[in-house]
Structures are given as C-alpha cells and as structure tokens.
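A.B. asks: Model the structure of this input:
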Amino acid sequence: MADAASRLRSLAEQLLGAPLPVRLRAWDGSEAGPPDAPALVVRNRRALRRMLFKPGELGLARAWVSGDLDIEGDLYTALDAVAGLVWERGEDSRTLRQAVRDPAVRAAARDLLKLAGPPIPPAPPREEIRRPRRGLHTRRTDKRAISHHYDVGNDFYELVLGPSMVYSCAYWEEAGTLETAQRDKLELVCAKLGLSEGQRLLDVGCGWGSMAIHAAREHGVSVVGVTLSQEQAAYARKRVADAGLTDRVEIRVQDYRDVVDGPYDAISSIGMAEHVGAERYLEYARQLHALLKPGGRLLNHQIARRPQRDETTYEVDEFIDSYVFPDGELAPVGTTVTQLERAGFEVRDVESIREHYARTLREWVANLEAGWDRAATLTGPGRARVWRLYMAASALAFEHNRIGVNQVLAVRTPESGASGLPLRPRTWHG
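C.D. replies: The predicted structure is shown next:
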C-alpha cells in the first residue's frame with residue numbers, strides 16, 4: 001500500500017484533533033511529518049489493531065512491548081510529545097470512546113480500521129499480567145504482584161541499577177556518580193533515623209539488602225530486612241554473608257503484616273509503601289507504629305501523585321498496573337501524612353526530592369540502553385522494552401511535577417511528649 005505514513009498521519013490527526021509533533025514511519029517504508037523530529041515507527045498493521053481494539057494507554061503499551069511500535073531518535077523528546085497529545089489531555093479509553101461519537105471522528109476511525117487490516121484483536125504480550133481487580137492487597141495477591149516485578153532475574157537488575165543494587169531514588173550532589181548518590185541516600189536515611197550502635201532496625205521491603213548492609217556496617221545496628229521476593233532475599237543473604245554481617249543482618253521472606261518481634265528502635269520503608277494500596281494504608285501505618293518502641297522513628301520514602309479535584313475519579317495507570325507494578329497505587333503526600341498521624345505517629349519532617357528521582361531514572365535508562373543486548377537476553381526483549389518505556393516516562397513525570405517523591409520522618413512520640421529529635425533536626429544535610 002503506497003504511502004501508508006501519510007494516510008496514517010492524516011487519520012491520527014483527525015482522531016486526536018491536533019497535529020502530530022513526531023514523524024511517522026510506516027511498515028511500507030513511507031514517512032510523513034517533521035523531518036527533524038523523532039520518528040514513531042509503526043512496524044506493521046498489527047500495531048494499529050492493538051491500538052484500535054484497546055484505545056488509549058494500554059493499546060499503545062501493547063504495541064510498544066510487542067515491538068510493533070518503536071521510536072527512533074531521542075526517546076525523551078518523543079515521549080514528551082506523545083504525553084502532550086494523549087496522557088496530559090486525559091485521552092484514556094473512556095474519553096476516546098466518547099470522542100468517536102463525532103461523525104468526522106467516526107469516519108476517520110472507519111478508515112483507520114480499513115488500514116489496520118483484518119479485524120482480529122491481537123493477543124496481549126506475554127509480559128502483561130492479567131488478573132481480576134478484586135481481593136487486592138491480600139497476602140497472596142501482594143506476593144504475586146511483588147514476584148511479577150522483582151523475580152525477573154538479579155542479573156537484569158544488576159545491569160540496570162549498577163553495583164549499589166538500590167532500586168529507589170538516589171540523593172545527588174551537583175556532580176557525582178550513581179553509586180555515590182545511592183550511598184548518600186542510604187546515609188541520609190540513617191541520619192534521619194538517628195541510628196547508633198546497638199539499636200534494632202526493621203527495613204520493610206529490603207530489596208537486595210543495600211540499606212540493611214549499610215546500616216549495619218556504618219552504624220553498628222542489628223537489622224531485620226523483610227521482602228516478599230525469593231530472588232531478592234537469596235541475593236541479599238549472599239551479600240550479607242560476603243560482607244561478614246550475618247551476625248547483625250537477618251533477611252526474611254515475610255509480609256510486613258507478619259512481623260511480630262518488635263519493638264524496634266527504627267524502621268525504614270524505602271520505595272515499599274507504593275505497593276500497600278489505599279485500603280490497606282492505615283493498617284500498614286498502624287503495624288509499623290506498633291513495632292516501634294516509644295520514641296522510635298520511621299522513615300517512609302514514597303512516590304506521590306498530585307491530588308485530584310475529585311479523588312473518587314482516581315484510576316491506576318493502565319500501563320504500570322499491567323506491566324510494571326501490579327496493584328500499585330500512588331497517593332498525595334498529604335494523604336500519606338494524614339494516615340501516618342491517624343495511626344499515632346507524630347510527623348516531624350517532610351522532604352521532597354523529586355528532581356533527584358528524575359536524574360536517577362535517567363541514569364538507569366542509560367545503563368539499560370548501554371547493555372541492551374544483554375538485557376534482552378536476560379529477561380526477554382519485551383520485558384526490556386517495558387522497563388525502557390517505564391523508566392523514561394517516569395523520569396519525565398518527575399521532571400514535569402506530575403509525580404513526586406518524599407521522605408517523611410515520623411516518631412512514635414511517647415506520652416511525655418519528648419520526641420528525641422534535636423531542635424534543629426536537619427543537621428543531617430551538613
């Protein structure tokens with residue numbers, strides 16, 4: 001079919017009601033659009049069928065993960081342009097269905113259907129997790145969700161995260177390496193918790209053991225780290241043994257709800273609370289409060305979304321829910337603070353480090369791209385494509401203030417009211 005790109009571009013602009021800021025390259029080799037812009041490559045007609053049968057973000061994600069849709073040129077520039085046309089305008093599946101009531105849009109959709117080929121819906125990529133949206137955040141469903149995300153091979157995470165094996169926002173100086181920034185983040189958490197030799201620390205969602213090892217080695221504390229991932233736990237235990245810290249660090253495969261051996265002097269929860277879910281968050285906060293001794297501190301490091309005018313309309317991101325963090329939910333930082341206070345905590349400090357996460361994600365994307373062939377071999381090309389899209393899009397979301405990340409320091413303040421914090425607590429930045 002001659003010049004499929006021009007036809008596709010014209011139809012897409014009719015459907016979206018706006019010019020496409022990217023170049024289009026179609027399966028027949030034809031191109032249309034700004035010559036200096038990144039190219040959106042539609043490798044075959046199946047990509048169109050994926051987007052037509054599942055309009056909105058999930059259809060685009062399926063086309064990307066399967067390799068039917070690609071980008072040539074600067075990934076961030078292309079994603080920024082697409083976000084302006086789709087996500088920022090709220091063009092989800094519901095609003096797109098409403099749009100096709102317009103006769104002109106319906107005509108363009110019919111022409112696009114003809115261009116797409118046989119009206120047979122392609123099967124979703126195998127990387128997509130499919131499960132009912134009922135009974136969320138039970139012990140069984142949480143374990144399955146964590147396994148989907150983390151049990152994809154420690155070698156893959158080593159490639160992406162680098163030697164620190166820290167899968168959360170680093171803490172940057174103006175100059176510095178990812179490893180230095182991750183070490184500085186771990187030290188910042190330890191400083192906020194006021195760790196000292198002989199104390200007990202619970203690290204909830206301990207990942208590959210980096211926080212537990214750092215706290216035990218640098219501050220002389222005893223640490224219990226809990227994770228739901230078997231692969232993480234095995235890796236973390238080996239790292240603990242290699243560091244000679246088996247007498248001070250215990251790594252468990254355990255749900256935080258099943259931890260009963262308090263009290264602890266301090267609790268770190270770094271990048272874990274996003275998995276808890278809104279309906280379970282107060283339970284999470286109360287459990288951690290109960291596990292702390294009076295005067296004990298919690299450092300909750302958590303991604304936050306912007307509040308909506310009507311919070312009842314909040315919907316989980318389809319791509320992330322289906323491919324990245326099943327059942328994950330983001331809450332505004334104010335909601336998090338409120339729930340911690342309802343559980344009995346005194347919230348003493350809230351620090352936004354949004355820009356730090358954008359820089360961290362760009363470093364991870366660079367690591368993935370530099371080791372692309374090995375990453376695709378380790379985890380499959382589809383999963384590698386999931387990660388490249390997810391991390392690059394997330395970097396842009398942090399940069400544009402669509403999401404943020406905050407460290408919330410809270411204390412189980414005793415009845416005496418003595419919090420144990422210095423009058424000027426932010427000396428940890430010095």
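A.B. asks: right, and residue 159 touches residue 378 too?
C.D. replies: Yes - if you go by CB atoms under 8 Å, residue 159 and residue 378 touch, sitting 7.1 Å apart. C-betas here are computed from N, CA, C, even on glycine.
A.B. asks: Least confident secondary structure element in the protein?
C.D. replies: helix 93-99 (a mean of 50; mean pLDDT, DSSP states H and E).
A.B. asks: Let me see the ranges of the strands in the stretch 251-400 of the chain.
C.D. replies: Ranges of strands within the stretch 251-400 of the chain are 264-270, 292-305, 346-352, based on DSSP state E, counting those that start in this stretch.
A.B. asks: List of residues touching the helix of greatest length in the chain?
C.D. replies: What stands out as the longest helix in the chain, according to DSSP state H, is helix 381-399. For helix 381-399, the surrounding residues in contact (CB atoms under 8 Å, 6 or more residues apart in numbering) are 61, 64-67, 75-76, 79-80, 83, 125-127, 152, 156, 160, 319-320, 323-324, 354-355, 357-358, 361-362, 364-365, 368-369, 372, 375-376, 403-405.
A.B. asks: Tell me the buried residues in the next helix or strand after that helix?
C.D. replies: Counting by DSSP states H and E, the next helix or strand C-terminal to helix 381-399 is strand 403-411. Judged by neighbour count using 16 or more other CB atoms under 10 Å, the buried positions of strand 403-411 are 403, 404, 405, 406, 407, 408, 409, 410, 411.
A.B. asks: isn't the second one right up against residue 304?
C.D. replies: Meaning residue 404. Yes - the criterion here is CB under 8 Å, and residue 404 meets it with residue 304 at 4.9 Å.
A.B. asks: Which residues are in contact with each of the two?
C.D. replies: Counting by CB under 8 Å, 6+ apart, the shared contacts of residue 404 and residue 304 are residue 333.
A.B. asks: what about the helices in the stretch 1-150 of the chain?
C.D. replies: Assigned by DSSP state H, counting those that start in this stretch, the stretch 1-150 of the chain shows helices spanning 4-16, 45-53, 57-66, 75-85, 93-99, 103-116, 139-150.
A.B. asks: Compare those helices and say which comes out lowest on pLDDT.
C.D. replies: Least confident of these, judged by mean pLDDT, is helix 93-99 with a mean of 50.
A.B. asks: Low-confidence stretches in the stretch 301-430 of the chain?
C.D. replies: By pLDDT under 70, the low-scoring segments of the stretch 301-430 of the chain are 429-430.
A.B. asks: Residue 23 - how many residues pack around it?
C.D. replies: Residue 23 is flanked by 21 other residues according to other CB atoms under 10 Å.
A.B. asks: what do you get for residue 119?
C.D. replies: Applying other CB under 10 Å, we find 10 residues neighbouring residue 119.
A.B. asks: And residue 211, by the same measure?
C.D. replies: Residue 211, neighbours per other CB under 10 Å, totals 28.
A.B. asks: wait, what's in contact with it?
C.D. replies: Contacts for residue 211 (CB under 8 Å, 6+ apart) come out as 166, 186, 189, 203, 223, 225, 268, 270.
A.B. asks: One more pass at 7 Å, please.
C.D. replies: 186, 189, 203, 268, 270 (CB atoms under 7 Å, 6 or more residues apart in numbering).
A.B. asks: ok, now residue 367?
C.D. replies: Residue 367 sits in contact with 159, 160, 162, where contact means CB under 7 Å, 6+ apart.
A.B. asks: Please report how far it lies from residue 115.
C.D. replies: According to CB to CB, to the nearest Å, residue 367 stands 38 Å off from residue 115.
A.B. asks: Endpoint to endpoint, stretch 200-214 covers what distance?
C.D. replies: Stretch 200-214 has an end-to-end distance of 14 Å (CA to CA, to the nearest Å).
A.B. asks: actually stretch 344-364, not the one I wrote
C.D. replies: Using CA to CA, one end of stretch 344-364 lies 37 Å from the other.
A.B. asks: so which helix or strand takes in the nearest residue to residue 371 once chain neighbours are set aside?
C.D. replies: The shortest distance from residue 371 to any non-neighbouring residue, by CB to CB, 6 or more residues apart in numbering, is to residue 159 (4.7 Å). In this structure, residue 159 sits in helix 154-161 according to DSSP H and E.
A.B. asks: for that helix, packing partners?
C.D. replies: Applying 3 or more CB pairs under 7 Å, 6 or more residues apart in numbering; DSSP states H and E, we find helix 154-161 packed against helix 354-370, helix 372-379.
A.B. asks: The nearest residue to residue 49 once chain neighbours are set aside: neighbouring residues, count only.
C.D. replies: In space, and not counting its chain neighbours, residue 49 is closest to residue 116: 4.9 Å by CB to CB, 6+ apart. A count of nearby residues for residue 116, using other CB under 10 Å, gives 20.
A.B. asks: Quick check: residue 116 touching residue 47?
C.D. replies: No - assessed by CB atoms under 7 Å, residue 116 is found out of contact with residue 47, at 8.6 Å.
A.B. asks: before we move on, the earlier item: and the angle for the helix holding residue 159 with helix 372-379?
C.D. replies: 150 degrees (axes from the mean of the first three to the mean of the last three CA atoms, to 10 degrees).
A.B. asks: Report the buried residues of helix 154-161.
C.D. replies: Buried positions in helix 154-161, judged by neighbour count with 16+ other CB under 10 Å: 154, 156, 157, 158, 159, 160, 161.
A.B. asks: Could you check how far the residue nearest to residue 49 is from residue 408?
C.D. replies: 48 Å.
A.B. asks: For the closest residue to residue 23 other than its chain neighbours, give me phi and psi.
C.D. replies: Counting by CB to CB, 6+ apart, residue 33 is the residue found nearest to residue 23 once chain neighbours are left out, at 3.9 Å. Note on residue 33: its backbone torsions stand at phi 120, psi -180 [degrees, to the nearest 10].
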